[in-house]
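Visitor: This is a predicted model, with the sequence first.
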Amino acid sequence: MSIVRSARRTFFLYRRLFGTQLKAILEYQTDFFIMIVSAVLTQMLGIVFLWVVYNRIPDINGWTFWEVVFMYAMIYLTEGFGSLFFEGTWRLGGLVNRGELDVMLLRPVSPILQVLTNGIGMNGIGNIIIGFIMIGQALTKVDLHWSFGKIVIAILLIITAVAIRVSINLAANTSAFWIKNAGNAFPIMIHNLGEFAKYPITIFSMGIQLLVAVLVPFAFVSFFPAYYLFDKTTSPWIWMAPPVAAIYCAAVAYVLFRIGMRKYESAGN
Amino acid sequence: MSFIEIRQLTKQFRQAVKEPGLAGAVKHLFTQKYVDKTAVAGIDLDIEEGETVAYVGPNGAGKSTTIKMLTGILIPSAGTISVGGIDPYRNRMENARTIGAVFGQRTQLWWDIPISETFSLLKDIYEIPDAQYKRNLDQFIELLGMEDFLHLTARKLSLGQRMRADLAAALLHNPRTVYLDEPTIGLDIAVKQRIREFIRASNKEHGTTVMLTTHDLGDIEDLCNRLVIIDQGSLIYDGTLAAVKDRFARERVIHFQLQSADLPALREALDHMPKVTAEKLDRQHVSLRFDRFHITASEVASAVMRCGEVVDFRIDEPGIEHVIKQVYEGHITLDEQHADKETAAGTEASRR
């Protein structure tokens, strides 16, 4: 019961804090339309590149064009959700370096929730739109057998993919507690590892496979969902891997944040 | 057990040692050297509920660091804190519900939304009941004169407006303890007065415990019944403001306006009086600085009167400002034993 209440309260506070940011952005940031369009154009370019490659070869390691498009789209989509709803992860470094986390720690609200809602990336809308369109295309162009269970699982996989993506972003950004300079080169590097997960990881060497499947498990955002949805395996339980990975990533991010907070030194007055 | 109980509280910061210039920065990448800087060095402090405590010290003395540990922002390196039975770091959220804080240098308001919306957001964050929220808000708007800027975003406020809004935001949920870190810094006297009145009212009405750091001695005189002085991370005084003045404001300056003075005779007389120095010495005006523990004002006055016709005179007491400045600069120690001895000597001198 108390878990239900606390979940409801967290969601309520998320909505309030997000709404506040949204109002602020709509008042001041009038260029978000440009940001949305530019995000769409950037991602379209990626797809065009993929299409050119597939014009020359029929498949990569047994993966067809639309199957890889699905993986691309999962990366776009999760990135979109990450920027639109959880852009605050990228602000953590600034908050720590300028000592602005102080204010969040004074309030009886989880600092993680406050960090997550510290910003909104309107360009996320572009990524979400293009991501959904491409996923829709990919799932209809490939001949699949849909059942009610599979639809539910597909939705679950999208949710867990977002959770993994956001957790990895947050975990990478907690580096700000240890690396005390204003830049966020490290989290950007981790974020860019997501590029590997746009392709079936089986095409990479073992080292990279371990990197994106275990260490920084972006493969559970795109590759494993594709593996399940496109019936690449006879094992019906493979769909459970991404949710497990999501819980693992969220736990790691949470623990890193807690440990990092002990390192937090505020900033002198 | 006191309401706020601080025991052997210590905070050390790790500071990177970098040699100057680019070469130094590059070198630091490979050989990282650190020194531990102690900001707070084992302080003990007890504060009862409803007290108003001024926490004073020079820049870098450890005031803000102490406040940040009391509010749960920073984890202590050693020692314990209990605020109303709660450990502020371990039970930060629980503690946060019962405290309010204003950091003069940093706003807690949402930068881009109107002040009124910040308040309503805080209502949801602190789960303030409707009736209490309405009552407090109406009262605060009136007391702090916020009517004019309630609809503006924090970004657009002047410093004085922002500080008033910040103070209102910190007290909306009727916190039991309020920490104010330089709440009147950079404000004009009218706003200062308003803020002081507001704090006083809150302390009186709700019995709110107030701990405030300030460089403004008016704040201390107007608001606080207790003065705690910290320097280099250690407490060097804990007592009333009056006692500090009594004990350590030993120097007085007495100014005479004279009809005509026999200056050579006066100089002669001064030579025989211990610890009396002339600030000003001409035929019409004589100002003498003396230590009241060594010589009484009447002794000084009678010596002057012997050498001329006194038209008028007044005595200047040093402001608390002056006393605290001397403490910071190390001219007087507020060490308890030492102080007692000096007071004893002083009493003896005045008896003489």
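Guide: Thanks, I have the structure now. The structure displayed is predicted, hence computed values, not measured ones. Numbering: from 1, shown residues only, chains lettered A, B, ... in the order given.
Visitor: rest of the way, CA atoms for contacts and neighbours
Guide: Fine.
Visitor: Spatially nearest residue to the residue of the stretch 1-150 of chain B found nearest chain A (excluding sequence neighbours)?
Guide: Of the stretch 1-150 of chain B, the residue with the smallest distance to chain A, taken as CA to the nearest CA, is residue B:93 at 4.5 Å. Nearest residue to residue B:93, sequence neighbours excluded (CA to CA, 6 or more residues apart in numbering or on different chains): residue A:108, at 4.5 Å.
Visitor: Flag every residue of the stretch 51-200 of chain A that's near chain B.
Guide: By the rule CA under 8 Å from any CA of the partner chain, the part of the stretch 51-200 of chain A lying against chain B is A:102, A:103, A:105, A:106, A:107, A:108, A:109, A:110.
Visitor: Tell me which helix or strand the residue lying closest to the fourth one once chain neighbours are set aside sits in.
Guide: I take that to be residue A:106. With CA to CA, 6+ apart as the measure, residue B:96 is the residue that lies nearest to residue A:106, at 5.7 Å, once sequence neighbours are left out. Residue B:96 is located in helix B:92-98, with elements delineated by DSSP states H and E.
Visitor: got it, and residue A:227?
Guide: Per DSSP H and E: residue A:227 is located in helix A:223-229.
Visitor: Same question for residue B:27.
Guide: Here residue B:27, judged by DSSP H and E, is contained in helix B:21-30.
Visitor: do the helix or strand following that helix and chain A meet at all?
Guide: Counting by DSSP H and E, the element after helix B:21-30 in chain order, helix or strand, is strand B:34-47. No - shown here: strand B:34-47 not in contact with chain A (CA under 8 Å from any CA), separated by at least 10.7 Å.
Visitor: Provide the strand pairings for strand B:34-47, with the direction of each partner.
Guide: strand B:4-16 (antiparallel) (DSSP bridges).
Visitor: just to revisit the earlier point, does the residue of the stretch 1-150 of chain B closest to chain A touch residue B:71 like I think?
Guide: No - using CA atoms under 8 Å, residue B:93 is not in contact with residue B:71; the gap is 10.1 Å.
Visitor: Compare those two and say which one has the larger neighbour count.
Guide: Between residue B:93 and residue B:71, counted using other CA atoms under 10 Å in any protein chain shown, the more crowded position is residue B:71 (27 against 18).
Visitor: Let me know the next secondary structure element after the helix holding residue A:227.
Guide: Under the assignment DSSP H and E, the closest C-terminal helix or strand after helix A:223-229 is helix A:241-263.
Visitor: close to chain B, is that next one?
Guide: Yes - interface with chain B: helix A:241-263 contributes residue A:262 (CA under 8 Å from any CA).
Visitor: Show me what that helix is packed up against.
Guide: helix A:148-173, helix A:223-229 (3 or more CA pairs under 8 Å, 6 or more residues apart in numbering or on different chains; DSSP states H and E).
Visitor: Buried ones in the last one, by neighbour count?
Guide: Spelled out, that is helix A:223-229. Of the residues in helix A:223-229, those with enough neighbours to count as buried (16 or more other CA atoms under 10 Å in any protein chain shown) are A:223, A:224, A:225, A:226, A:227, A:228, A:229.
Visitor: Please report the distance of the second one from residue A:157.
Guide: Relative to residue A:157, residue A:224 is positioned 9 Å away (CA to CA, to the nearest Å).
Visitor: what's the answer for the fourth one, then?
Guide: As defined by CA to CA, residue A:226 lies at a distance of 10 Å from residue A:157.
Visitor: same deal with the first one?
Guide: Noted for residue A:223: a distance of 11 Å to residue A:157, by CA to CA.
Visitor: Mind putting the residues of the stretch 51-200 of chain A next to chain B into CSV with secondary structure and neighbour count?
Guide: Conversion of those to CSV gives the following (DSSP: H, G, I helix; E, B strand; the rest coil; neighbours: other CA atoms under 10 Å in any protein chain shown):
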residue, secondary structure, neighbour count
A:102, helix, 24
A:103, helix, 19
A:105, helix, 23
A:106, coil, 24
A:107, coil, 26
A:108, coil, 18
A:109, coil, 20
A:110, coil, 14
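Visitor: Including pLDDT, could those residues go into a markdown table?
Guide: Converted to a markdown table, these look like this (pLDDT from 0 to 100):
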| residue | pLDDT |
| --- | --- |
| A:102 | 93 |
| A:103 | 93 |
| A:105 | 95 |
| A:106 | 95 |
| A:107 | 95 |
| A:108 | 95 |
| A:109 | 95 |
| A:110 | 95 |
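Visitor: Can you check which residues contact both of residue A:224 and residue A:157?
Guide: Common contacts of residue A:224 and residue A:157 (CA atoms under 8 Å, 6 or more residues apart in numbering or on different chains): A:239, A:242.
Visitor: How about the stretch 51-200 of chain A: which residue is closest to chain B?
Guide: Distance from chain B to each residue of the stretch 51-200 of chain A (CA to the nearest CA) is smallest for residue A:108, at 4.5 Å.
Visitor: Touching, that residue and residue B:99? I think so.
Guide: No - counting by CA under 8 Å, residue B:99 is not a contact partner of residue A:108; they are 9.7 Å apart.
Visitor: Once you drop chain neighbours, what's closest to the residue sitting nearest the centre point of chain A?
Guide: Against the mean C-alpha coordinate of chain A, by CA atoms, centre = their mean, the closest residue is residue A:165 at 2.7 Å. Leaving aside its chain neighbours, residue A:165 sits nearest to residue A:78 (6.4 Å; criterion: CA to CA, 6+ apart).
Visitor: and that neighbour, how many neighbours?
Guide: In terms of burial, residue A:78 registers 26 neighbours under the definition other CA under 10 Å.
Visitor: Repeat that for residue A:259.
Guide: With neighbours defined by other CA under 10 Å, the count for residue A:259 comes to 13.
Visitor: Now do the helix holding residue B:27 against strand B:34-47: the angle between them, please.
Guide: In this structure, helix B:21-30 runs at an angle of 80 degrees to strand B:34-47, with axes from the mean of the first three to the mean of the last three CA atoms, to 10 degrees as the basis.
Visitor: which parts of helix B:21-30 are buried?
Guide: Neighbour-count burial for helix B:21-30, with 16+ other CA under 10 Å as criterion, is recorded at residue B:28.
Visitor: Next secondary structure after the helix or strand where residue A:186 lies?
Guide: Residue A:186 is located in helix A:185-192, with elements delineated by DSSP H and E. Next along the chain after helix A:185-192, taking DSSP H and E as the criterion, comes helix A:206-210.
Visitor: Tell me the buried residues in that following helix?
Guide: Using 16+ other CA under 10 Å as the test for burial, helix A:206-210 gives A:208, A:209.
Visitor: try stretch A:58-76
Guide: Applying a neighbour-count criterion of 16+ other CA under 10 Å, one finds A:63, A:65-76 buried in stretch A:58-76.
Visitor: pLDDT added to those residues, as CSV?
Guide: As requested, the buried residues of stretch A:58-76 are exported to CSV (pLDDT from 0 to 100):
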residue, pLDDT
A:63, 91
A:65, 91
A:66, 91
A:67, 92
A:68, 92
A:69, 93
A:70, 94
A:71, 94
A:72, 92
A:73, 94
A:74, 95
A:75, 94
A:76, 93
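Visitor: residues contacting the residue nearest to the centre of chain A?
Guide: Taking CA under 8 Å, 6+ apart as the definition, contacts of residue A:165 comprise A:78, A:79, A:82, A:218, A:221.
Visitor: what about the stretch 51-200 of chain A, any weak spots by pLDDT?
Guide: With pLDDT under 70 as the threshold, the stretch 51-200 of chain A has low-confidence stretches at A:182.
Visitor: Looks like residue A:264 contacts residue B:69 (just checking).
Guide: No - Residue A:264 sits out of contact with residue B:69 when judged by CA under 8 Å, with a separation of 11.6 Å.
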